[in-house]
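Novice: Provided below for reference: sequence and predicted model.
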Amino acid sequence: MADMSRRQVIVLGAIGAGVVVGGAGLLLGRPWDDRGEAPVDSATPSATAAGDAGTLREPVVMSSSSGRLALDLTAATGTVQIGGTGVHALTYNGTLPGPTLRLKAGDRVALTFANQLDAPTNLHTHGLVVSPEGNSDNVFVMIDPGATHEYLYELGADHPPGVFWYHPHHHGNSAEQLFGGLYGMIIVEDETPIDATRERVLVISDIGFDESGTLTVASNRDRMQGREGGTVMVNGQLDATLVARPGERERWRIVNACSSRYLRLRLDGQALTLLGIDGGRFDDPRDIDELVLTPGNRADVLVTMAEGRSVLRTLPFDRGAMGMGAPLSNSTGADLATLTVAGVPSQTSALVLPPTAGRDLRLETATGTRTLTLAMGGGGGGGMSFSIDGKQFESSRIDTEVAAGTVEEWTINNTSTMDHPFHLHVWPMQLVEINGAAVSAVEYRDVVPVPANGRAVVRIAFEGLTGTTVYHCHILDHEDQGMMGIIRAS
């Protein structure tokens, strides 16, 4: 396939030792007592494998049981092996990535979070449709070093299935902590399972470190453009291998856990079917050759195996310039893993997918319209400022008030020379248009691409949840530097 232009790719992506790296295993969370409260004793997952090259390992899995999951999650520093170097990284429960949480609609999750870092942090359950207040997905919580916090998440009985994730969201250091290794996947199961030979979790992230294993300190330029690490991993591994038989159908759950890097994914020689992006599921699956995931995006992909050797790679992606024609310095590609398909062919049943809800907000009356403007400008000290509607983030200011139960249409303008992926917490967005190109299908996301000097149009149903949360650029360095606003639904 010939190399695609930047605009074509954007449209396709929008429309179409101390600790162990990538430990494998399956664990149930600790049980609850009869009152629905977590008991004092708990099970902390332990990882099992170490090193880089070799079979792709799955993160530890913690699954709900009888509608409940109780678990401990600890953020701490530790040493992980990456490319033969002991890297002084940040980890959840001593692994990179952290454990995968497997949930069902209607579940109740009690999570005891311990901060053993040397800086404040918190936890964001990215994409979950749960309350943004109290002890739920509250990004205004600050957990000091040495402190613990009790989180409680309640998923509605109608919560959509899909791929979600968790990561830090403390304003000012979210990019640094994510880049250092703090992330993990959340899967909300389908009510009716999709038939696949096997399922794989692929958490793709990047990191930077020197010969001594010390994490790269981002320069002012790195923070302005959005830091990208020179090492790109899958489940904390380099040069991982996957093996399958011809005809097998695998389900790959993919998350872009990079703080700034766009992933332009290809797996040449294999048949890829895209079921959905983020927590959304398409009415009709799409056969694809290439998949673009902005930072924070996830994908649910079926891979039908064809005999031969294929390389999963991310190709270079042009996400613009910092201004005055200065290009971004790290829009590089990387080989991620090698897939070998050989052996006796497997007979796989015909693909049958459960029906989707398919609510199309374009057919409903929008009770309000808004325009948000993402902008970059010269800052003090030769730096750059990042803003929404001319304002930088202020924790004491409500920027947007919406009425609960309404449907609004938002136009998100980007007046800058750099792409900005736009993320809204807890309320999914239906993508309507990118740069004037209408999205024909029903497509829900929680991170939408807003190209440089371009725009995106979305519709949002502010239903089911009330409270105060945020929207922001998901190049987290830009969020930390002010490209974030506060929204209240009441």
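Specialist: Cool, got the structure. Numbers count the residues shown, from 1 in each chain.

Novice: thinking residue 196 is in contact with residue 253, fair?
Specialist: No: between residue 196 and residue 253 there is no contact under Cβ atoms under 8 Å: 10.8 Å. Using the backbone N, CA and C atoms, a C-beta is placed for each residue, glycine as well.

Novice: Looking at these two, which one has more neighbours?
Specialist: Higher neighbour count among residue 196 and residue 253: residue 253, with 22 against 17, using other Cβ atoms under 10 Å.

Novice: Where does that one fall, secondary structure wise?
Specialist: According to DSSP states H and E, residue 253 maps onto strand 249-256.

Novice: Other residues contacting that strand?
Specialist: For strand 249-256, the surrounding residues in contact (Cβ atoms under 8 Å, 6 or more residues apart in numbering) are 163, 165, 183, 185, 187, 194-204, 244, 262-263, 265, 293-305, 348, 351.

Novice: List the pairing partners of it within its sheet, with orientation.
Specialist: Strand 249-256 has its sheet partners listed here by DSSP bridges as strand 198-207 (parallel), strand 298-304 (antiparallel).

Novice: Tell me which of the ones you listed is the most buried.
Specialist: Comparing the strands paired with strand 249-256 by mean neighbour count (mean count of other Cβ atoms under 10 Å), strand 298-304 ranks first with a mean of 23.

Novice: What helices and strands are in contact with the helix or strand just after that one?
Specialist: Remark: after strand 298-304, the chain's next helix or strand is strand 308-314, criterion DSSP H and E. Using 3 or more Cβ pairs under 8 Å, 6 or more residues apart in numbering; DSSP states H and E, the elements in contact with strand 308-314 are strand 263-266, strand 334-341.

Novice: quick one: average confidence on the helix or strand immediately after the last one in the chain?
Specialist: Tracing the chain C-terminally past strand 334-341 and defining elements by DSSP H and E, one meets strand 368-378 next. For strand 368-378, the mean pLDDT works out to 93.

Novice: Pull out the buried positions in strand 368-378.
Specialist: Neighbour-count burial for strand 368-378 flags 372, 374-376 (criterion: 16 or more other Cβ atoms under 10 Å).

Novice: quick one: residue 349 and residue 197 touch, right?
Specialist: No: Residue 349 is beyond contact range of residue 197, at 10.1 Å (criterion: Cβ under 8 Å).

Novice: Looking at these two now, which is surrounded by more residues?
Specialist: Between residue 349 and residue 197, counting by other Cβ under 10 Å, residue 197 is the more crowded of the two (16 against 7).

Novice: OK, contacts around the closest residue to the more buried one other than its chain neighbours?
Specialist: Using Cβ to Cβ, 6 or more residues apart in numbering and skipping the chain neighbours, the partner closest in space to residue 197 is residue 248 (4.1 Å). Residue 248 is in contact with 197-198, 304-305, 341, 346, 348, counting by Cβ under 8 Å, 6+ apart.

Novice: can we see that at 10 Å?
Specialist: Each residue near residue 248 by Cβ atoms under 10 Å, 6 or more residues apart in numbering is listed here: 196-198, 303-305, 341, 343, 345-348.

Novice: show me where the stretch 51-200 of the chain has strands.
Specialist: 54-55, 61-63, 68-82, 85-92, 95-96, 100-103, 108-115, 124-126, 148-154, 162-167, 184-188, 198-207 (DSSP state E, counting those that start in this stretch).

Novice: So which residue is dead centre in the chain?
Specialist: Against the mean C-alpha coordinate of the chain, by Cα atoms, centre = their mean, the closest residue is residue 296 at 3.3 Å.

Novice: Determine whether the claim that that residue is in a strand is correct.
Specialist: No: if the criterion is DSSP: H, G, I helix; E, B strand; the rest coil, then residue 296 is coil and not within a strand.

Novice: pLDDT value on it, please?
Specialist: We have a pLDDT of 98 for residue 296.

Novice: From residue 143, how far out is it?
Specialist: Distance of residue 296 to residue 143, given as Cβ to Cβ, to the nearest Å: 22 Å.

Novice: Surely residue 277 and residue 447 touch.
Specialist: Yes: counting by Cβ atoms under 10 Å, residue 277 touches residue 447, with 8.7 Å between them.

Novice: shared neighbours of the two, anything?
Specialist: 293-294, 297-298.

Novice: Widest-spaced pair of the residues you listed?
Specialist: Greatest spatial distance in the shared contacts of residue 277 and residue 447: 294 and 298, 10.5 Å, computed using Cβ to Cβ.

Novice: count of residues packed around residue 471?
Specialist: Residue 471 - counted by other Cβ under 10 Å - has 24 other residues nearby.

Novice: for the protein, which spans come out with low pLDDT?
Specialist: 1-53, 323-331, 357, 379-383 (pLDDT under 70).

Novice: ok so, going back, more neighbours: which of residue 277 and residue 447?
Specialist: Counted by other Cβ under 10 Å, residue 277 and residue 447 do not tie: residue 277 has more neighbours, with 28 against 22.

Novice: That one and residue 74: what is the separation?
Specialist: Distance from residue 277 to residue 74, by Cβ to Cβ: 31 Å.

Novice: cool, residue 333 as well?
Specialist: Counting by Cβ to Cβ - residue 333 and residue 74 are separated by 34 Å.

Novice: now residue 92
Specialist: Taking Cβ to Cβ, one finds residue 92 at 7 Å from residue 74.

Novice: Give the residues shared as contacts by those two.
Specialist: Between them, residue 92 and residue 74 share the contacting residues 98, 113, judged by Cβ under 10 Å, 6+ apart.

Novice: neighbour-wise, which of these two wins?
Specialist: More crowded of residue 92 and residue 74, by other Cβ under 10 Å: residue 92, with 26 against 17.

Novice: For that one, which non-adjacent residue is spatially closest?
Specialist: residue 98 (2.9 Å).

Novice: on that earlier part again, what do residue 294 and residue 298 both touch?
Specialist: Counting by Cβ under 10 Å, 6+ apart, the residues touching both residue 294 and residue 298 are 256, 277, 445, 447.

Novice: Quick check: helices, which of those residues are part of them?
Specialist: Secondary structure from DSSP state H places none of the shared contacts of residue 294 and residue 298 in helices.

Novice: of all those residues, which comes closest to residue 137?
Specialist: Of these, the one sitting nearest to residue 137 (Cβ to Cβ) turns out to be residue 447, at 15.4 Å.

Novice: For that closest one, give the beta-bridge partners.
Specialist: residue 423.

Novice: shouldn't it be in contact with residue 280?
Specialist: No: Residue 447 is not in contact with residue 280 according to Cβ under 10 Å; the separation is 11.0 Å.

Novice: joint contacts of those two?
Specialist: Joint contacts of residue 447 and residue 280 (Cβ under 10 Å, 6+ apart) are 127, 298, 429.

Novice: Any figure for the gap between the last one and residue 201?
Specialist: Using Cβ to Cβ, we find residue 429 at a distance of 25 Å from residue 201.

Novice: can you pull the contacts of residue 77?
Specialist: Counting by Cβ under 10 Å, 6+ apart, residue 77 makes contact with 18-19, 88-91, 116-118, 180-181, 215.

Novice: Would you mind checking those for buried ones?
Specialist: 19, 88-91, 116-117, 180-181, 215.

Novice: Quick check: the farthest pair among those residues?
Specialist: Every pair of the buried ones among the contacts of residue 77 checked by Cβ to Cβ; the farthest is 116 and 215, at 16.6 Å.

Novice: Okay, the nearest residue to residue 97 once chain neighbours are set aside and residue 236: tell me how far apart.
Specialist: Excluding its sequence neighbours, the residue lying closest to residue 97 (Cβ to Cβ, 6+ apart) is residue 203, at 4.4 Å. As judged by Cβ to Cβ, residue 203 and residue 236 stand 8 Å apart.
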